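[1] From the sequence below, what's the structure:
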Amino acid sequence: MREGKKVNKIFLLLIFILLTLSCGEKKDQKPKSDLELKMNGIAEGYVKLVLEVGKYDPMYVDAYYGPKEWRLKEENLSFDSTANVKLISVADSLLNELELLSEYNATELETLRYRYLYKQLFAVKTKIIILSGSVLPFDLESRALYDVSPPETTEEDLQMIVDELVKILPGKGDVSERIASFKKKFEIPKDQIATVFNTAIKECRSRTSKYIDLPAGEKFKAEYVTGKPWGAYNWYKGNLFSVIQIATDFPVYIDSPVGLAAHEGYPGHHAYNILLEQNLVKNKGWVEYTVYPLYSPQSLIAEGTAVFGEEILFPGDERMKFEKEVLFPLAKLDTTNAELYYKVISLQEKLNGAGVLAARNYLNGDWTKDETVAWLQKFQLRTKERAEKYLSFIKTYRSYVVTYNAGDIIIRDYVERNGGADDNLARKWEILNTLISTPQTPSGLMD
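    Presented below is the predicted three-dimensional model:
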């Protein structure tokens, strides 16, 4: 038995999850619209429960902009059996209240809200059980917290991509060293990062606003930081305002500003949060969206739409054209070999699934730290330093890593199934706009 594992708790949790999933969402039995007051009461209880759980994990509450009197001053408290019993009881009570509403009919939007509250509360209860000391297997943790099973990626699939990169990269020898050497020519000087990022986010906002009606007064502030386990982060503060932090510990390459501006800003996390606040909190009074628990299905929707939004923001060769004509000169970079650079980046992005495999094997105790770092060097072509940085992300956020890859797959599949063909850009934006403006769950999008 690995250190920290509690087999009996895992067994009990498995039973709990199987039983809960079997009686959870009833697709043909949903709440009446005239029961909105009851739903609002459950939503209030959900918000207060998330805030209470956040007292025991400072990273849990990613954002909160609800009533100030609900915010709890205590934090970083030690979790004990008394807290466990109390919080589990509250979570069960709220889930049971939702179950009582499941016999009634509802509008489509009310059904989406019902599903959202159910899945979010289920994830909160799972988080409470984790706080009690239970360590879940990676796939079970992913399913319980993010409402999705990790996508399957094989070593053979990854090796085929690596082999293709070996063929096109200049030089000889270790492929991770070759890719690092090649990309160094496209590194933005540190004193130009802010200028290039500001230009990129203006373009991303301009393009997004052609398809999405951004609320008046929305804004953000960019900050540049070091010593973080992530590359960038959007901290939503409410009142249509975000702080976007960008880590500069490692080189920032010429494709990063657009990628970060789109993912963290427009049409990514900032757009997602301001639209939910405008449409659901301000217009409908749905208080559940004033809090954002990081370890929840909402994160998979947020990450998946951000990844997909980045792609449709610059269809075809438009991104390369913009970066070559606008950002390369700002960064004082030579455009020679730019086409090869974008081909290399495109192939390297297809290796993202390797991160999920690395996280699963490391967190399940099947690989050591050194084995995980070596895997990331081989199949994500990271330098040792970057591989260790990514491992620190895995240690910090655990199965959260599935939200990017699985989120992209789920959102992309949903868009395609609902008329978002390759040549129908307007329809893709229409669907994305709906997804980031309404209550959604990963399993709901896969139905």
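[2] Now do the closest residue to Tyr65 other than its chain neighbours against Ala63, distance only.
    Nearest residue to Tyr65 in three dimensions, chain neighbours excluded: Gly238, at 2.3 Å (Cβ to Cβ, 6 or more residues apart in numbering). (Glycine included, C-beta is placed from N, CA and C.) Separation of Gly238 from Ala63 (Cβ to Cβ, to the nearest Å): 7 Å.
[3] Show me where the stretch 101-250 of the chain has its helices.
    Along the stretch 101-250 of the chain, counting by DSSP state H, counting those that start in this stretch, helices occupy 108-131, 138-146, 155-168, 175-183, 193-209.
[4] Turn the ones you listed into JSON lines, including distance to Leu280 and mean pLDDT.
    Output for those, formatted as JSON lines (distance: least, Cβ to Cβ, whole Å; pLDDT from 0 to 100):
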{"stretch": "helix 108-131", "distance to Leu280": "9", "mean pLDDT": "95"}
{"stretch": "helix 138-146", "distance to Leu280": "21", "mean pLDDT": "97"}
{"stretch": "helix 155-168", "distance to Leu280": "39", "mean pLDDT": "94"}
{"stretch": "helix 175-183", "distance to Leu280": "41", "mean pLDDT": "92"}
{"stretch": "helix 193-209", "distance to Leu280": "19", "mean pLDDT": "97"}
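[5] Of all the ones you listed, which one is nearest Phe393?
    helix 138-146 (14.6 Å; Cβ to Cβ).
[6] Trp375 contacts Ala354, correct?
    Yes - using Cβ atoms under 8 Å, Trp375 is in contact with Ala354, at 7.1 Å.
[7] Mind checking which of Gly238 and Ala63 has more residues around it?
    Ranked by neighbour count (other Cβ atoms under 10 Å), Gly238 and Ala63 place Ala63 first, with 20 against 15.
[8] Pretty sure the more buried one sits against Phe241.
    No - using Cβ under 8 Å as the test, Ala63 is too far from Phe241 to be in contact (10.8 Å).
[9] Overlap in contacts, the two.
    Common neighbours of Ala63 and Phe241 are not found (criterion: Cβ atoms under 8 Å, 6 or more residues apart in numbering).
[10] if I pick the residue nearest to Tyr65, what's in contact with it?
    63-65, 277, 290.
[11] got it, and Thr199?
    Counting by Cβ under 8 Å, 6+ apart, Thr199 has contacts 257, 326-327, 330.
[12] what's the farthest-apart pair in these?
    Pro257 and Val326 (10.3 Å).
[13] of the two, who's got more company?
    Taking other Cβ under 10 Å, Pro257 and Val326 do not tie; Pro257 has more neighbours (28 against 15).
[14] How about that one: what's its closest non-neighbour residue?
    Ala200 (3.8 Å).
[15] if we can go back for a sec, Serialize the helices of the stretch 101-250 of the chain to CSV and add fields for distance to Trp70.
    Conversion of those to CSV gives the following (distance: least, Cβ to Cβ, whole Å):
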stretch, distance to Trp70
helix 108-131, 15
helix 138-146, 23
helix 155-168, 46
helix 175-183, 47
helix 193-209, 32
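[16] Ok, which of those comes nearest Glu385?
    helix 175-183 (9.7 Å).
[17] hmm, who's touching the closest one?
    162, 165-166, 169-172, 251, 253, 341, 344, 348, 377-378, 381-383.
[18] Spell out the residue ranges of the helices in the stretch 251-400 of the chain.
    Ranges of helices in the stretch 251-400 of the chain, per DSSP H, counting those that start in this stretch, are 256-260, 269-276, 297-313, 318-322, 328-331, 338-349, 353-363, 369-379, 384-397.
[19] now, of these, which is deepest in the fold?
    helix 269-276 (a mean of 26; mean count of other Cβ atoms under 10 Å).
[20] Using CSV, write out every CA atom in that one.
    Output in CSV follows, covering the C-alpha atoms of helix 269-276 (Å, rounded to 0.1, in the frame of the first residue of the first chain):
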residue,chain,number,x,y,z
HIS,A,269,-11.8,32.7,-19.5
HIS,A,270,-12.5,36.4,-19.2
ALA,A,271,-15.2,36.3,-21.8
TYR,A,272,-16.7,33.2,-20.2
ASN,A,273,-16.9,34.8,-16.8
ILE,A,274,-18.3,38.1,-17.9
LEU,A,275,-21.0,36.5,-20.0
LEU,A,276,-22.0,34.2,-17.1
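[21] Helix 193-209 and that one, what's the angle between them?
    Here helix 269-276 points in a direction 40 degrees away from that of helix 193-209 (axes from the mean of the first three to the mean of the last three Cα atoms, to 10 degrees).
[22] For helix 269-276, which helices and strands make contact with it?
    strand 232-238, strand 241-247, helix 297-313 (3 or more Cβ pairs under 8 Å, 6 or more residues apart in numbering; DSSP states H and E).
[23] who does the second one touch, helix- and strand-wise?
    For strand 241-247, the contact count by 3+ Cβ pairs under 8 Å, 6+ apart identifies strand 219-225, strand 232-238, helix 269-276 as packing neighbours.
[24] tell me the angle the longest one makes with strand 241-247.
    When you say that, I think you mean helix 269-276. Using the same axes, to 10 degrees: helix 269-276 against strand 241-247 is 160 degrees.
[25] when you give positions from now on, start the count at 356
    Sounds good: first residue 356 from here, last item helix 624-631.
[26] quick one: contacts for Ser448?
    Gly400 are the contacts of Ser448 under Cβ under 8 Å, 6+ apart.
[27] for it, helix, strand, or coil?
    helix (DSSP: H, G, I helix; E, B strand; the rest coil).
[28] returning to what we had before: quick check: of the contacts of Gly593, which lies closest to Gly762?
    Distances from Gly762 to the contacts of Gly593, taken by Cβ to Cβ, are shortest for Ala418, at 18.0 Å.
[29] domain parsing for the chain?
    Under the assignment automatic domain parsing, the domains of the chain span 362-489, 510-801.
[30] and of those, who's closest to Tyr501?
    domain 510-801 (4.7 Å).
[31] can you count the residues close to the closest residue in space to Asp412 that isn't next to it in sequence?
    Closest residue to Asp412 in three dimensions, ignoring its sequence neighbours and counting by Cβ to Cβ, 6+ apart: Leu486, at 6.7 Å. A count of nearby residues for Leu486, using other Cβ under 10 Å, gives 17.
[32] follow-up on the earlier one: mind checking how far the residue nearest to Tyr420 is from Lys557?
    23 Å.
[33] Kindly report the same for Asp447.
    For Asp447, the distance to Lys557 - Cβ to Cβ - is 48 Å.
[34] Same check on Ala626?
    14 Å.
[35] before we move on, what about Ile543?
    17 Å.
[36] more crowded one of those two?
    Ile543 (25 against 13).
[37] which residue sits closest to that one, ignoring its sequence neighbours?
    That would be Ala686: by Cβ to Cβ, 6+ apart, it lies 4.5 Å from Ile543.
[38] Run through the residues that contact that neighbour.
    Contacts of Ala686 (Cβ under 8 Å, 6+ apart): 543-544, 547, 551, 609.
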